[in-house]
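A.B. asks: Model the structure of this input:
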Amino acid sequence: MKKVAVIEGGYSKEKAISIKSAKTVFDNLDRTKLNPTRVLIDEKEWTAYDEEGRYSIDKNDFSYTKNGFKHNFEYAFIVIHGTPGEDGKLQGYLDMVGVPYNTSSAAITALTFQKFHCNQFLKNFGINVPEAALIKPEDIIDEEKKLKKVGLPCFVKPTDGGSSFGVTKVKKESEFLPAIKEAFNHGSEVIVEENIVGREVTCGIYRDSRGIKALPITEIISGNEYFDYDAKFNGKSKEITPAELSEEITNKIKALTKKIYGILGMRGIVRMDYILTKGEALFLIEINSVPGMSKESIVPQMAKVDNIELSFLF
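C.D. replies: Residues are numbered from 1 along each chain as shown. Here you go, the predicted model:
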């Protein structure tokens, strides 16, 4: 059986979410074909662990030694949200040691993690994205110019963050600079983004031997003003799967998701978030190259509705 590392943890505030996702993946991998071991990565060390103990990872070849026997991984299932699993760094390391993995390449995960740069790239292919401006740490911030471009209200968020950490909905000019400061606490660059009014929908997608497959669409109705961390992880949102949409709109969302997946040459399970306006225009908000996989997460809900066993999806 193939020796698989289920890699969890990471260096960001999304570590706890990653560990929950990894448990779902670990519990549902097909034991007739795979021999999985959980691997926890944090800033101090990389550790493989099982019910018998913990074992340091040899980063020279991504292996560990247990009871005097060396175990080499043949495949990696990355379940790290944020750095280093969602920004290409871990993929780059695995490329160097020759271990294949489940996600898109290092270059593509690095691009999709940088929300502003990814959306601007896809804009060249005719993909609708919100108007946005980028702020770097060294920039002298021209509040009037930035807000004139995107309007009020707007969203201020880190370009390289996840799980809605550091996101603020700015309704008046006096809230703008504090929001930027908060976003910089969570990321290296900041996006000021137009507030697109509409329904928030998300579509999961994956590739198997038969081609690219879109999962049922989910509509997210937040109990808060927007889909923030509290709404995502503290039960303050309603997720409707499948979303109550016309067949035409459903097909439009799935087709666009497949198009973007193909443009970027993506691999693995991905989730793309959109806003659907009253006029039925569709705006891409962001791409999740390593989406949540816990029991409560959206992708497992989509799979359940589509009668797909997680052991097959993973």
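
A.B. asks: ok so Pro242 is a strand residue?
C.D. replies: No - Pro242 is assigned coil when assessed by DSSP: H, G, I helix; E, B strand; the rest coil, not a strand.

A.B. asks: I figured it hits Lys304, correct?
C.D. replies: No - Pro242 lies out of contact with Lys304 (C-beta atoms under 8 Å); the separation is 11.0 Å. (Each C-beta comes from the backbone N, C-alpha and C, glycine too.)

A.B. asks: any idea how far the closest residue to Thr109 other than its chain neighbours lies from Lys15?
C.D. replies: Sequence neighbours aside, Gly88 is the residue nearest to Thr109 in space, at 4.3 Å (criterion: C-beta to C-beta, 6 or more residues apart in numbering). Note on Gly88: its distance to Lys15, by C-beta to C-beta, to the nearest Å, is 18 Å.

A.B. asks: what's the spacing between the residue nearest to Thr109 and Ser56?
C.D. replies: 24 Å.

A.B. asks: Looking only at neighbour counts, state which of those two leads.
C.D. replies: Shown here are Gly88 and Ser56; by other C-beta atoms under 10 Å, Gly88 has more neighbours (24 against 11).

A.B. asks: what's the pLDDT at the more buried one?
C.D. replies: Listed pLDDT for Gly88 reads 97.

A.B. asks: so who does it touch?
C.D. replies: Ser105, Ala106, Ala107, Ile108, Thr109, Ala110, Phe113 (C-beta atoms under 8 Å, 6 or more residues apart in numbering).

A.B. asks: And for the third one, nearest residue in space, chain neighbours not counted?
C.D. replies: Leaving aside its chain neighbours, Ala107 sits nearest to Gly88 (6.5 Å; criterion: C-beta to C-beta, 6+ apart).

A.B. asks: same deal with the first one?
C.D. replies: Setting aside the residues directly before and after it, Ser105 is nearest to Gln91 in space (C-beta to C-beta, 6+ apart), at 6.3 Å.

A.B. asks: need the contact list for the one you found.
C.D. replies: Per C-beta under 8 Å, 6+ apart, neighbours of Gln91: Ile78, Tyr101, Thr103, Ser104, Ser105, Ala106, Thr109.

A.B. asks: And the last one, which helix or strand is it part of?
C.D. replies: This points to Thr109. Using DSSP states H and E, Thr109 sits within helix 106-113.

A.B. asks: mind listing what's buried in that helix?
C.D. replies: Ala106, Ile108, Thr109, Ala110, Leu111, Thr112, Phe113 (16 or more other C-beta atoms under 10 Å).

A.B. asks: residues in contact with that helix?
C.D. replies: With contacts defined as C-beta under 8 Å, 6+ apart, helix 106-113 is touched by 83, 86-89, 91-92, 95, 103-104, 117-118, 121, 160, 264-266, 286-290.

A.B. asks: Just the ones in helices from those, please.
C.D. replies: Lys89, Gln91, Gly92, Asp95, His117, Cys118, Phe121, Leu264 (DSSP state H).

A.B. asks: among the residues you listed, who's most crowded?
C.D. replies: Going by other C-beta under 10 Å, Gln91 tops those with 25 neighbours.

A.B. asks: Just the pLDDT at that residue, thanks.
C.D. replies: For Gln91, the model assigns a pLDDT of 99.

A.B. asks: can you check Tyr226 too?
C.D. replies: Here, the pLDDT recorded for Tyr226 equals 54.

A.B. asks: Measure how buried the residue nearest to Val290 when sequence neighbours are not counted is and give me the count.
C.D. replies: Closest residue to Val290 apart from its sequence neighbours, by C-beta to C-beta, 6+ apart: Glu86 at 4.7 Å. Neighbour count for Glu86, taken as other C-beta under 10 Å: 27.

A.B. asks: Glu86 and Val79 touch, don't they?
C.D. replies: No - using C-beta under 8 Å, Glu86 is not in contact with Val79; the gap is 10.1 Å.

A.B. asks: overlap in contacts of these two?
C.D. replies: Counting by C-beta under 8 Å, 6+ apart, the common neighbours of Glu86 and Val79 are Val290.

A.B. asks: Which parts of this protein are helices?
C.D. replies: So, for the chain - with DSSP H - the helices run 15-28, 89-97, 106-113, 115-123, 143-150, 176-184, 229-233, 247-264, 298-305, 310-313.

A.B. asks: residues in contact with Lys15?
C.D. replies: Gly9, Asp42, Gly82.

A.B. asks: what's the spacing between the most far-flung residue of the chain relative to its centre and Lys59?
C.D. replies: In the chain, counting by C-alpha atoms, centre = their mean, Gly68 sits farthest out from the average C-alpha position, at 37.6 Å. Applying C-beta to C-beta, the value for Gly68 to Lys59 is 20 Å.
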